[in-house]
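Asker: what's the 3D shape of this:
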Amino acid sequence: MDATANQAGSPEAPPASASEPPPRDGDNNNNATSSGSKPSLSGLPEAIPIDPAGDLILDVTFETSSKTTTTAKTSGARKTPAQAATPAPAQTRSMRRAYRVDAATLRRQSRYFEKLLGDARFREAADVAAALDRLAARGVRPRDIVTAADAAELLPWVRVLDDDEATRFPARVREAALAGLLRMLHGRQVEGVEDVGAAGTGTVAATTDKNASPEVKASAKTDASASALTKVSARANANAKTSASASPKVNASRNARTSPNKSANANANARATTNAKTSASTGPSTKQQIDMQFVVALAVLADRFDCAAPVSRWLVMASQSQRFKWPVTTRKAASGRDDLLANIMTRATEEALRQKILVSWLLDLPIRFQNATRELIMNGSRRWSAFAEDEDESLDASWWYLPDGLEQELQYRRHCILNTIASIQRHFLSLYASRSGGRQCKLGYDSSAACDSYQLGEMLKFLTHKNLLFLVDFSPRSLFDTVPDCALVPVIVENGGLLATLRQCPGYQVDKHHSNCGLRTRLLPILDFVQGLLSAGSVPVAAPAWRRDRAAAAWMPPETDDGGAARDSDPRPFCFTRLMLGDQRLRFENALGADKFAREVFTASSWNWTAED
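Answerer: Next comes the predicted model:
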């Protein structure tokens, strides 16, 4: 993962570098910024014991941008009664947390930490190895370091800078997600989203850089030239829904290792025991439900730290134990509303659906990924509008623009499907309106000409009434005043959708002798055919195929050298026949060859829907 040094515009946050904040006993070769005098430890965050016997401390600074703070204040999202009754914690621009972890465990579970802490070419690896060698030379084992003060003084520190560009979540939320991820990597139980914003005097106490000692500030400024690999990428952010009443949990297992001969250790034991008792009564229950935001945050962090496998296993177990339930994004058509535009997907539903796609892609959950991508293709997105609009800054989270070419592919597949369905009504309108197309009523009666005119009028009346067709004249404002934004028109939704609306086409006749004339008798077989294509499991993106060979799995044509999409020189028209209704590939989901057949139909250059036996 690429990382960069701390920007000059953020003076409060420490740079992403490895250092040993306080000088160690007998160590005269500290950082170049060290003044030689031992700085006070009061300005450093007390380490949260992810592993009480750990040999490394991660010093993480969570930054919150002004955009995130403003969005949080002006957000009009609906809150639950519990959320409304609980005041939200104050937003801070910078927050520091320290986590005591085991370096070997991180290297084993994360390929990111394997390179960072195991490759001597990085300064972090060299500093950590040198610090542990000094402890070994003095006969001190990391497991024997019990108190937080001793751990801060003796163990090596690695600084990490985390921003909010990927998720736009506040620092207190991303803090809970990172703590949960570290517990997963160490095999600890993740009981839920903790109240990281609660104030306390336990081991979760943290300080911002404004409260740091002058020596630490000077060291942070000078360390900007150190290796910047430990800065989490701008998109390596996390989100977790916090509980307003839970207190930070304290691991009291370190009390057993405290020496009774040292008064400082005895005081630490008493303090940790008190905090543990408080946590036992106010901490989150083991049955606490895990929300979608926490899972999204874990998936983003797991991708950036290259440790998706353990997080994926944890998520599967959490789903099986009913601790986590995927949000329901499927919906029914609005009752009592005959308008197709009344059934569009809300912003909250689309956000949850996009989060499902992102999580299932990053954590390699192919079945859920396939179902979620199909749902997004069928329902559309507010980002796929054909009308030029101002950029919405609230849609800049990572799930609003899916990675690895998925955003463009899903949008292209939906456009292909909409173009195919629109070509059906366009085909019959041109047949009935054209003089050169011949007479559509084949009965040969004197009233056949009147029958064609009558059916054309009925088609126009039905399509315009259902918002399937819009009459635009030559005036400049006609397009913008008449045609609405149809980016979110659902193709298929329970008890509704685009295909269901087309099936409502009436079967009126000019008189009783023209019972088989009209659009309905010709339209229904075509809709059955398209419905079979959409239901055969060939529309969504298959994650294994997309990872293995994206060019072969994509519907989009390959890009040219100038960045544009290449177009096939040979036209690929599609001609519909009634024999296609009995195609066995349309009867079973994920049938062999169904995906190729669907791609040929939906990506055709033109369509001829006049049935030919």
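Asker: for the rest of this, base every contact and every neighbour count on C-alpha atoms.
Answerer: OK.
Asker: for residue 61, give me its contacts.
Answerer: 13, 14, 94, 95, 96, 97, 159, 160, 161, 162 (C-alpha atoms under 8 Å, 6 or more residues apart in numbering).
Asker: the same query, at a cut-off of 7 Å, please.
Answerer: Contacts here follow C-alpha atoms under 7 Å, 6 or more residues apart in numbering; on that basis residue 61 touches 13, 94, 95, 96, 97, 160, 161, 162.
Asker: is it in a helix, a strand, or coil?
Answerer: strand (DSSP: H, G, I helix; E, B strand; the rest coil).
Asker: not counting sequence-adjacent ones, nearest residue to it?
Answerer: In space, residue 61 comes closest to residue 96 once its chain neighbours are excluded; the distance is 4.4 Å by C-alpha to C-alpha, 6 or more residues apart in numbering.
Asker: from residue 508, how far off is the one you found?
Answerer: 72 Å (C-alpha to C-alpha, to the nearest Å).
Asker: thinking again about what came up before, the residue nearest to residue 61 falls within a strand, correct?
Answerer: Yes - assessed by three-state DSSP, residue 96 belongs to a strand.
Asker: export stretch 579-597 to PDB, keeping only CA atoms.
Answerer: Taking Å, rounded to 0.1, in the frame of the first residue of the first chain, the C-alpha atoms of stretch 579-597 are listed here in PDB:
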ATOM      1  CA  LEU A 579     -38.300 -20.400 -30.900                       C
ATOM      2  CA  MET A 580     -36.100 -18.400 -28.400                       C
ATOM      3  CA  LEU A 581     -38.900 -18.700 -25.800                       C
ATOM      4  CA  GLY A 582     -38.100 -22.400 -25.400                       C
ATOM      5  CA  ASP A 583     -34.400 -21.900 -25.000                       C
ATOM      6  CA  GLN A 584     -33.300 -24.200 -22.100                       C
ATOM      7  CA  ARG A 585     -30.700 -21.600 -21.000                       C
ATOM      8  CA  LEU A 586     -33.600 -19.400 -19.900                       C
ATOM      9  CA  ARG A 587     -35.200 -22.000 -17.700                       C
ATOM     10  CA  PHE A 588     -32.400 -22.500 -15.100                       C
ATOM     11  CA  GLU A 589     -30.300 -20.000 -13.200                       C
ATOM     12  CA  ASN A 590     -26.600 -19.900 -14.100                       C
ATOM     13  CA  ALA A 591     -27.100 -22.300 -17.000                       C
ATOM     14  CA  LEU A 592     -24.200 -23.000 -19.200                       C
ATOM     15  CA  GLY A 593     -23.900 -20.400 -21.900                       C
ATOM     16  CA  ALA A 594     -26.600 -18.100 -20.500                       C
ATOM     17  CA  ASP A 595     -24.300 -15.300 -19.700                       C
ATOM     18  CA  LYS A 596     -22.900 -15.300 -23.200                       C
ATOM     19  CA  PHE A 597     -26.400 -15.400 -24.700                       C
END
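Asker: mean confidence for that stretch?
Answerer: For stretch 579-597, the mean pLDDT works out to 82.
Asker: over to stretch 356-368?
Answerer: 96.
Asker: list the buried residues in that stretch.
Answerer: Neighbour counts using 16 or more other C-alpha atoms under 10 Å place 356, 357, 358, 359, 360, 361, 362, 363, 364, 365, 366, 368 of stretch 356-368 among the buried residues.
Asker: what packs against the host helix or strand of the first one?
Answerer: Assignment of secondary structure by DSSP states H and E places residue 356 within helix 347-362. Based on contacts counted as 3 or more C-alpha pairs under 7 Å, 6 or more residues apart in numbering; DSSP states H and E, the elements that helix 347-362 packs against are helix 292-304, helix 366-379.
Asker: any chance of the contacts of residue 61 in CSV, plus neighbour count and distance to residue 575?
Answerer: Listed next are these as CSV, based on neighbours: other C-alpha atoms under 10 Å; distance: C-alpha to C-alpha, whole Å:
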residue, neighbour count, distance to residue 575
13, 27, 63
94, 23, 62
95, 24, 63
96, 24, 64
97, 23, 64
160, 24, 60
161, 25, 58
162, 26, 55
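Asker: among those, which one sits closest to residue 126?
Answerer: residue 160 (16.2 Å; C-alpha to C-alpha).
Asker: what's the following helix or strand after the helix or strand that that closest one is a member of?
Answerer: Assessed by DSSP H and E, residue 160 sits inside strand 157-162. Next helix or strand after strand 157-162 toward the C-terminus (DSSP H and E): helix 171-185.
Asker: which SSE is immediately downstream of the strand or helix carrying residue 430?
Answerer: Element membership of residue 430, judged by DSSP H and E, is helix 406-433. Counting by DSSP H and E, the next helix or strand C-terminal to helix 406-433 is helix 448-465.
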